[in-house]
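Visitor: Sharing a model that was predicted from the sequence below.
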Amino acid sequence: MSKYRLLGFFAHPDDESFGSGGMLAKYAREGVDVHVCIVTDGAAGSYAPDPNCPDAPRNMVAVRREELECACRVLGVQLHRLGYRDSGMEGSPENHHPESLYQADLDDVARDVLRLICEIKPQVIVAHDPTGGYFHPDHIRVNHAVNRAWQALTNPPAYPALLPDNCTPWLPDRLYYGVLPRSSLRWMLLFMRLTGKDPRHFGRNGDIDMTQVGVPDDKINVRLDIRAYRTIKQDAGACHCSQGGGPGRARGILGLLFRQAQRYELYMQAYPPNGRKHADLFAGLR
């Protein structure tokens, strides 16, 4: 077993690549035992293929499973799935599906999270921030479940029903959230306004308010240099053809801004709180 272990919890197939792919690739190649847990099946993802990718999915869940497995091979990480159904964006009909993460009991999800933590015993956990990055309910739900699990690990007697059978509580050293800095988003907002686009209605469905996305720069603890792993991150993203991740992704000025932003990935330390700025998620850990 590797000296260091990292476990990332992400809501959907593709979140591991588009968001934290550089970080995952970096640590996997530095000898860290890297694990990725994808909580939902991606069933509610709208089909937006790159022109160089296949024209239509046979079955969205099956396609996204294959894409995820491809991406994890490229990143060099071990894959785990929890199998909840994708809930779709806030207010969509998928929110009401009885098998969706949106409808799942939070303690049940936290118990699944705890089972993996007890099994893998990571020093570092990475998850979505409390806003879910862009307010996707599944991202927010994953954040809540990870935090619920963390509470149970810090005070097991207070949450006896959450700990799975045969689970020896293991408290990781750190919990990080992958975040977007508001300073970088200002340029995107300016460009969108100059080109006549409303940043309050961003995305394929126009349901993302980009003016509310991101965290203040002074809340960011780690500015992780991933330039050496950017190609690997792009190759992993290209596996997600059904989500527009193929070779034609991010063209034009927005594509240039996107590529510039990909030089670094940014993380906020949630636990222990009030952490100092550092350059590595494992900095100072024995």
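Guide: Looks like it arrived, so ask away.
Visitor: where does the stretch 151-286 of the chain dip in pLDDT?
Guide: Where the stretch 151-286 of the chain drops to pLDDT under 70, the residues are 203-207, 210-211, 246-261, 286.
Visitor: residue ranges of the helices in it, please?
Guide: 182-194, 230-238, 252-261 (DSSP state H, counting those that start in this stretch).
Visitor: cool, the stretch 1-150 of the chain as well?
Guide: Using DSSP H, counting those that start in this stretch, helices in the stretch 1-150 of the chain cover 15-18, 21-29, 60-75, 106-120, 132-135, 137-154.
Visitor: Does anything pack onto the fourth one? Which helices or strands?
Guide: With contacts defined as 3 or more Cβ pairs under 8 Å, 6 or more residues apart in numbering; DSSP states H and E, the secondary structure elements packing on helix 106-120 are strand 5-10, strand 33-40, strand 78-84, helix 137-154. For glycine as for every other residue, the C-beta is placed from the backbone atoms N, C-alpha and C.
Visitor: Next, the buried residues of that helix.
Guide: Across helix 106-120, burial judged by 16 or more other Cβ atoms under 10 Å covers 107, 109-118, 120.
Visitor: list the contacts for the nearest residue to His240 once chain neighbours are set aside?
Guide: Spatially, and ignoring its direct neighbours in sequence, His240 is nearest to Asp14 (4.3 Å; Cβ to Cβ, 6 or more residues apart in numbering). Residues in contact with Asp14 (Cβ atoms under 8 Å, 6 or more residues apart in numbering) are 42, 45, 64, 67-68, 71, 237, 240, 243, 245.
Visitor: how close does Asp14 get to Ala145?
Guide: 19 Å (Cβ to Cβ, to the nearest Å).
Visitor: Repeat that for Gly245.
Guide: Distance from Gly245 to Ala145, by Cβ to Cβ: 26 Å.
Visitor: With distance to Asp138 and neighbour count added, can I get the contacts of Asp14 in TSV?
Guide: Below are the contacts of Asp14 laid out as TSV (distance: Cβ to Cβ, whole Å; neighbours: other Cβ atoms under 10 Å):
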residue	distance to Asp138	neighbour count
Gly42	10	24
Gly45	11	21
Arg64	13	26
Glu67	17	25
Leu68	15	26
Ala71	18	28
Gly237	19	26
His240	16	29
Gln243	14	25
Gly245	18	25
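Visitor: Of those residues, just say which sits nearest to Phe282.
Guide: If you rank the contacts of Asp14 by distance to Phe282 using Cβ to Cβ, Ala71 comes first, at 23.0 Å.
Visitor: any idea of the pLDDT on that closest one?
Guide: With respect to pLDDT, Ala71 scores 98.
Visitor: Check Glu90 too.
Guide: 87.
Visitor: For it, which non-adjacent residue is closest in space?
Guide: Glu90 sits nearest to Pro137 (Cβ to Cβ, 6+ apart), 5.1 Å away.
Visitor: Next up, the contacts around the one you found.
Guide: 87-90, 95, 101-102 are the contacts of Pro137 under Cβ under 8 Å, 6+ apart.
Visitor: 6 Å instead?
Guide: With contact taken as Cβ atoms under 6 Å, 6 or more residues apart in numbering, Pro137 is in contact with 87, 90, 102.
Visitor: Roughly how far does it sit from Thr40?
Guide: Distance of Pro137 to Thr40, given as Cβ to Cβ: 11 Å.
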